[in-house]
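Enquirer: just coords:
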């Protein structure tokens, strides 16, 4: 049993492309119906886009890792809410509300800046980087069914060699 847990943790570190000793993840929130998704890339997140359904629930996400945009998770619908991070800035908190769909999401950075999308209705959640002060958001996983139905944050420190791209 311990080997299965260790293997799952190490594979999650590979998923998030972070240093294993600093890897952690937040509990998944949402109904969890639909197809699984994984939003990941190499290096540090440098920008984030969020699509919402006319001030209602969250349709999709996209991260930029260095200069490379990930594929869109979910759907893009209209114009996204977007935040570009400064060189010395990272995402350290995700909060919001959910019911069947992710109703709202707020990404907060080390500089206190926020990106807000959606409508604040439903149950509240709050995910944040663990005790290590250098940890940051590295990846998102969850499920989607038309819109985002669940969300799980993966935290860590991107490998130092991956920041050479910036």
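Expert: Structure received. The structure presented is a predicted model; accordingly, all values stated were derived computationally and were not measured.

Enquirer: Could you use CA atoms for every contact and neighbour count after this?
Expert: OK.

Enquirer: Burial check on residue 86, number of neighbours?
Expert: With neighbours defined by other C-alpha atoms under 10 Å, the count for residue 86 comes to 12.

Enquirer: What is the neighbour count of the residue lying closest to it once chain neighbours are set aside?
Expert: Counting by C-alpha to C-alpha, 6 or more residues apart in numbering, residue 86 lies nearest to residue 46, which is 7.4 Å off, once chain neighbours are set aside. Applying other C-alpha under 10 Å, we find 22 other residues in the vicinity of residue 46.

Enquirer: what do you get for residue 27?
Expert: What residue 27 shows, counting by other C-alpha under 10 Å, is a neighbour count of 12.

Enquirer: Let me see the contact set for it.
Expert: Residues in contact with residue 27 (C-alpha atoms under 8 Å, 6 or more residues apart in numbering) are 152-153.

Enquirer: mind checking pLDDT for the residue nearest to residue 86?
Expert: Note on residue 46: pLDDT of 97.

Enquirer: what does the one 5 residues further on give?
Expert: Reported pLDDT at residue 51 in the predicted model: 97.

Enquirer: Contact partners for residue 39?
Expert: Contact partners of residue 39, counting by C-alpha under 8 Å, 6+ apart, are 62-63, 70-71, 73, 139-141.

Enquirer: what's the offset of stretch 33-48 from the middle of its chain?
Expert: Relative to its parent chain, stretch 33-48 has a centroid offset of 6 Å by C-alpha atoms, centre = their mean, to the nearest Å.

Enquirer: Same question for stretch 129-139.
Expert: What separates the centre of stretch 129-139 from the centre of its chain is 12 Å, taken as C-alpha atoms, centre = their mean.

Enquirer: What strand or helix carries the spatially most central residue of the chain?
Expert: Note on the chain: the residue nearest the mean C-alpha position is residue 140, at 3.7 Å, using C-alpha atoms, centre = their mean. The secondary structure element spanning residue 140 is strand 136-145 (assigned by DSSP states H and E).
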